[in-house]
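Colleague: sequence-free structure coming up:
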């Protein structure tokens, strides 16, 4: 393996000692985002730094990431099992970023995981094995420069990280966070030979899963500690219903499996200071929300009025998100005089069905196929209700943004949705704890009943405003969650 001396990145004697943590991920807001993973990896490291942790992030050199970072210099050149790569360093605010520059694997336009036909790249096992392999190289120490004590991998893309670190004799403690167990990084058994792992790792007590290679299982099996993104989801994935075939392994992790709720990056999502919305507003001074609603209605071609509730969806269009239930309840919303907007893309059948709904209800239903970060802020600011009726939901950030922006979440009682939204039942209205509308059964009847409760509350303006104020006052910032991760890191290091 050849290396050349790093031009930067050497610690100095004047630097105070701090716990060194490397996060490993495939996307990072605002450089590259396909979902909530990027929001988490973009917000958690800066908060950890605020709390005194020396955090850096390792990412693949996708075009969007390289274009958004100013390169400060080389760290090293490596001969890897996946070809020669250059590792360079940049900064995103206070966070140091290591970028794996491997054009043959990463320099592809569009989606980082799949081609223009929405098919996963055939060499994804090599592309993300490289990410994990370089993380293990950093954990092992690069010529005496910065070396993490804890390596924290996120989702299946970083799943091999604990395996490579284990194969090297555990030079660092490892944490693996499951953001969505349903996406596992499954590859055929032939691909194992390309991963440069010891042969005995391809075993039921290893990364083998039903005869295949599972990057997700690698993280679950080899990490010193596994976390998920909400306490309820941590329990749910140990059951056959949501364990995706891995429930036995997850049950065996016992106390080394915990749920730490995701947070909201208030530097990005805060209606009091959001330059992307029509008018700022707060829980105590909410009048600007009506102006945001009118702006959204005008922008989406809806009738401009504050007399009816505006329901919204901001989501990937998949069966998991329960959007077929939304389609079934849309006639009920329209018949009651409500409005509906959608921002998202995904399943072509769902896209077509929502377009048809917009044609059937002009002035009441408006659809924007695609995703635009600025537009998502405007939807949250203008909506009265945000719909998240998921079949399963590890944490969910949409409902947290809705709470922050006074768009009362209408959610199914599952995963992080159950942990963050309190139903407008009479007792919760009485003690002023209610923040949204929660239903249990993943059925049209379930979402329809919750929708009727939303209309009933809307008819009682004073109570609606009280619930909205309570929702906006809820604190789901990263402070408490980051502190929980720090406690976990300290525990693993025996501090």
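Modeller: Yep, that arrived. These numbers were taken from a predicted model, which means no experiment stands behind them.
Colleague: now the helices for the stretch 351-495 of the chain?
Modeller: For the stretch 351-495 of the chain, applying DSSP state H, counting those that start in this stretch gives helices covering 373-382, 398-404, 415-420, 426-430, 444-458, 461-473, 479-493.
Colleague: can you tell me which of those helices is most buried?
Modeller: Sort the helices of the stretch 351-495 of the chain by mean neighbour count, taking mean count of other CB atoms under 10 Å, and helix 398-404 sits at the top with a mean of 27. Heads up, the C-betas are built off the backbone N, CA and C, glycines and all.
Colleague: picking up where we left off before, how about CSV for the helices of the stretch 351-495 of the chain, with distance to residue 202 added?
Modeller: Converted to CSV, these look like this (distance: least, CB to CB, whole Å):
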stretch, distance to residue 202
helix 373-382, 41
helix 398-404, 38
helix 415-420, 32
helix 426-430, 51
helix 444-458, 43
helix 461-473, 49
helix 479-493, 27
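Colleague: out of those, which is closest to residue 251?
Modeller: Closest approach to residue 251 among the helices of the stretch 351-495 of the chain (CB to CB): helix 415-420, 17.8 Å.
Colleague: start to end distance for stretch 179-188?
Modeller: Chord length of stretch 179-188, first to last residue, is 23 Å (CA to CA, to the nearest Å).
Colleague: contacts only, for residue 284.
Modeller: Going by CB atoms under 8 Å, 6 or more residues apart in numbering, residue 284 touches residue 469.
Colleague: to clarify, my last question referred to residue 123.
Modeller: By CB under 8 Å, 6+ apart, the residues touching residue 123 are residue 105.
Colleague: for it, give its distance to residue 251.
Modeller: From residue 123 over to residue 251 the distance is 34 Å, taken as CB to CB, to the nearest Å.
Colleague: equivalent analysis for residue 135, please.
Modeller: 27 Å.
Colleague: those two: which is more packed in?
Modeller: residue 135 (28 against 13; other CB atoms under 10 Å).
Colleague: ok, that one to residue 257 distance?
Modeller: Residue 135 sits 21 Å away from residue 257, going by CB to CB.
Colleague: for residue 172, same thing?
Modeller: When residue 172 is compared with residue 257 (using CB to CB), they lie 20 Å apart.
Colleague: out of those two, which sits in the more crowded spot?
Modeller: A direct count of neighbours by other CB under 10 Å for residue 172 and residue 257 places residue 172 higher, at 26 against 21.
Colleague: I figured that one hits residue 146, correct?
Modeller: No - using CB atoms under 8 Å, residue 172 is not in contact with residue 146, being 12.0 Å away.
Colleague: run through who's touching stretch 320-327.
Modeller: Stretch 320-327 is contacted from outside by 182, 313, 315, 317, 350, 353-354, 357, 387-392, 412, 442-444, 446-447, using CB under 8 Å, 6+ apart.
Colleague: can you say which of the residues you listed are buried?
Modeller: 313, 315, 317, 350, 353-354, 357, 387-392, 412, 442, 444, 446-447 (16 or more other CB atoms under 10 Å).
Colleague: can you show me the strands along the stretch 301-450 of the chain?
Modeller: 310-317, 339-346, 365-369, 385-388, 408-412, 437-439 (DSSP state E, counting those that start in this stretch).
Colleague: enumerate every residue touching residue 235.
Modeller: residue 259.
Colleague: same thing with residue 206?
Modeller: Contacts of residue 206 (CB under 8 Å, 6+ apart): 163, 200, 218, 221, 222.
Colleague: can I assume it sits in a strand?
Modeller: No - Residue 206 is assigned coil when assessed by DSSP: H, G, I helix; E, B strand; the rest coil, not a strand.
Colleague: tell me how far it lies from residue 257.
Modeller: The gap separating residue 206 from residue 257 is 18 Å, by CB to CB.
Colleague: just residue 424 next, same as before
Modeller: On the measure of CB to CB, residue 424 and residue 257 end up 33 Å apart.
Colleague: do the same with residue 437
Modeller: Residue 437 is 30 Å from residue 257, where distance means CB to CB.
Colleague: can you check residue 238 too?
Modeller: In terms of CB to CB, residue 238 sits 8 Å off from residue 257.
Colleague: list residues touching both of those two?
Modeller: By CB under 8 Å, 6+ apart, the residues touching both residue 238 and residue 257 are residue 250.
Colleague: quick one, grab the pLDDT at the nearest residue to residue 200 once chain neighbours are set aside.
Modeller: Closest residue in space to residue 200, ignoring its immediate chain neighbours: residue 206 at 7.0 Å, by CB to CB, 6 or more residues apart in numbering. For residue 206, the pLDDT comes out at 97.
Colleague: quick check: residue 337 touching residue 305?
Modeller: No - using CB under 8 Å, residue 337 makes no contact with residue 305, being 9.5 Å away.
Colleague: buried stuff in stretch 52-68?
Modeller: Buried, per 16+ other CB under 10 Å, within stretch 52-68: 53-62, 64-66.
Colleague: measure it end to end?
Modeller: End-to-end distance for stretch 52-68: 26 Å, by CA to CA.
Colleague: count of residues packed around the closest residue to residue 444 other than its chain neighbours?
Modeller: Excluding its sequence neighbours, the residue lying closest to residue 444 (CB to CB, 6+ apart) is residue 328, at 4.5 Å. Look at residue 328: counted by other CB under 10 Å, it has 14 neighbours.
Colleague: now do the helices in the stretch 101-250 of the chain.
Modeller: With DSSP H, counting those that start in this stretch as the criterion, the stretch 101-250 of the chain has helices spanning 103-106, 124-140, 161-167, 215-222, 231-236, 247-253.
Colleague: of those, which is nearest residue 398?
Modeller: Closest of those to residue 398 is helix 231-236, at 15.1 Å (criterion: CB to CB).
Colleague: re the thing from before, nearest to residue 294, of the helices of the stretch 101-250 of the chain?
Modeller: Closest to residue 294 of those is helix 231-236 (CB to CB; 36.7 Å).
Colleague: just the buried positions in that closest one, please.
Modeller: For helix 231-236, by 16+ other CB under 10 Å, it's 231, 232, 233, 234, 236.
Colleague: could you do stretch 309-323 as well?
Modeller: For stretch 309-323, burial by neighbour count (16+ other CB under 10 Å) applies to 309-318, 321-323.
Colleague: again with stretch 243-252
Modeller: Neighbour counts over stretch 243-252 (16+ other CB under 10 Å) mark 243, 244, 246, 247, 249, 250 as buried.
Colleague: go through the residues you listed and name the one nearest residue 376.
Modeller: Residue 376 lies nearest to residue 244 out of the buried residues of stretch 243-252, by CB to CB, at 28.1 Å.
Colleague: give me the pLDDT value at the closest one.
Modeller: With respect to pLDDT, residue 244 scores 97.
Colleague: which residues does residue 25 contact?
Modeller: 37, 41, 57, 58, 59, 153, 154, 155, 157, 158.
Colleague: now render these as CSV, adding pLDDT and distance to residue 80.
Modeller: Listed next are these as CSV, based on pLDDT from 0 to 100; distance: CB to CB, whole Å:
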residue, pLDDT, distance to residue 80
37, 95, 24
41, 97, 23
57, 98, 19
58, 98, 13
59, 98, 16
153, 98, 17
154, 98, 21
155, 98, 21
157, 98, 17
158, 98, 16
